[in-house]
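> I would like to see how this sequence folds:
(one chain, ligands or ions: 2)
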Amino acid sequence: MIAALILTSTDGLVIFMRGDLERVLFDQPAIHRRLDDIAAQISNDYRERELTVIAVLHGSLMFVADLLRRIPLPLKLECLSVASYHGKAQTSGEVAFNLTTASPSGGGQIVLPEVADRDVLILDDILDSGHTLAAIREMLGTAEPKSIRVCVLLSKKKRRAREVHADYVGFEIEDEFVVGYGLDFRGRYRNLPYIGVLRSELLEQPER
Ligand code: IMP
Ligand code: MG
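Ligands and ions are numbered 1, 2, ... in the order given. Purely as a prediction, here's the structure:
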């Protein structure tokens, strides 16, 4: 009875996932306070301009939703779907864009978001090896935007395979595998309302 109660309540599920974490790095109030700062900075930097925000899915979902509601500027939102991890804790180095047209008449062609002559701000969850953001920057750059900046919630302190300058960074973290607040391991933990370090032995377990 008690177990059933725990597992059917939202708090219970969060406690359940909490057990998979080595430690919590940033709780919800800390994340929200930092978002207030970044949003104020972005709002100031882009005043009297119209932003085109490119959200890199899925990891940036929570970040984008919470950050954009703090930016009182006219803006457009486009989403990109990208995969580079393929279920592992290390990036494969290959960045796969999911950019096909939704309608069958589009013929499944690659379609870039509309960025020509726009002030583009790329939002991603985390800067790790740099492969993903370098590839996105390069790809969007071919469409000749007026400007491109990068904003990430987290940046790992490490030597990157590809150097990427992030103009706005929420938090710098050590080179550890983190989950929660949109960040996943094999698709799980995105709904944790805070960010924590995943227990390292879970990274080694076979996929279930
Ligand atoms: P990069 O291409 O190595 O910079 O990795 C970028 C992507 O890998 C991020 O957008 C995340 O989706 C994922 N990633 C990198 N580090 C972590 C992590 O610690 N936890 C969860 N996902 C991560
Ligand atoms: Mg991501």
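> Kindly state the pLDDT recorded for the residue in the chain that ligand 2 sits nearest to?
Of all residues in the chain, G59 sits closest to ligand 2, with a separation of 3.1 Å (C-beta to the ion). No exception for glycine: its C-beta is placed from N, CA and C like everyone else's. What the model reports as pLDDT for G59 is 96.
> Tell me the secondary structure of it, please.
What DSSP: H, G, I helix; E, B strand; the rest coil gives for G59 is coil.
> and what of A55?
strand.
> tally of neighbours for it?
Residues lying near A55 (other C-beta atoms under 10 Å) number 24.
> neighbours around the closest residue to it other than its chain neighbours, how many?
Nearest residue to A55, sequence neighbours excluded (C-beta to C-beta, 6 or more residues apart in numbering): V64, at 4.4 Å. If you count neighbours by other C-beta under 10 Å, V64 ends up with 23.
> who touches the helix or strand that V64 is a member of?
Secondary structure from DSSP states H and E places V64 in helix 61-68. The contact list for helix 61-68, computed with C-beta atoms under 8 Å, 6 or more residues apart in numbering, reads 31-32, 35, 38-39, 42, 53, 55, 75, 77, 123, 125, 151, 153, 170, 181-182, 190.
> Would that helix count as contacting ligand 1?
No: Helix 61-68 is not in contact with ligand 1 by C-beta under 6 Å from any ligand atom; minimum separation 10.5 Å.
> wait, does that helix contact ligand 2?
No: on the criterion C-beta under 5 Å from the ion, helix 61-68 is out of touch with ligand 2, staying 9.5 Å away.
> Work out the sheet partners of the helix or strand following that helix and label each with its direction, please.
Next in sequence after helix 61-68, counting helices and strands by DSSP H and E, comes strand 75-83. Next to strand 75-83 in the sheet, as set by DSSP bridges, lie strand 51-57 (parallel), strand 96-98 (antiparallel).
> Which of those has the highest mean neighbour count?
Ranked by mean neighbour count under mean count of other C-beta atoms under 10 Å, these are led by strand 51-57, which reaches a mean of 22.
> Tell me the helices and strands packed up against the biggest helix by length in the chain.
Looking across the chain with DSSP state H, the single longest helix is helix 28-45. When contacts are defined as 3 or more C-beta pairs under 8 Å, 6 or more residues apart in numbering; DSSP states H and E, helix 28-45 packs onto helix 61-68, strand 147-156, strand 168-173.
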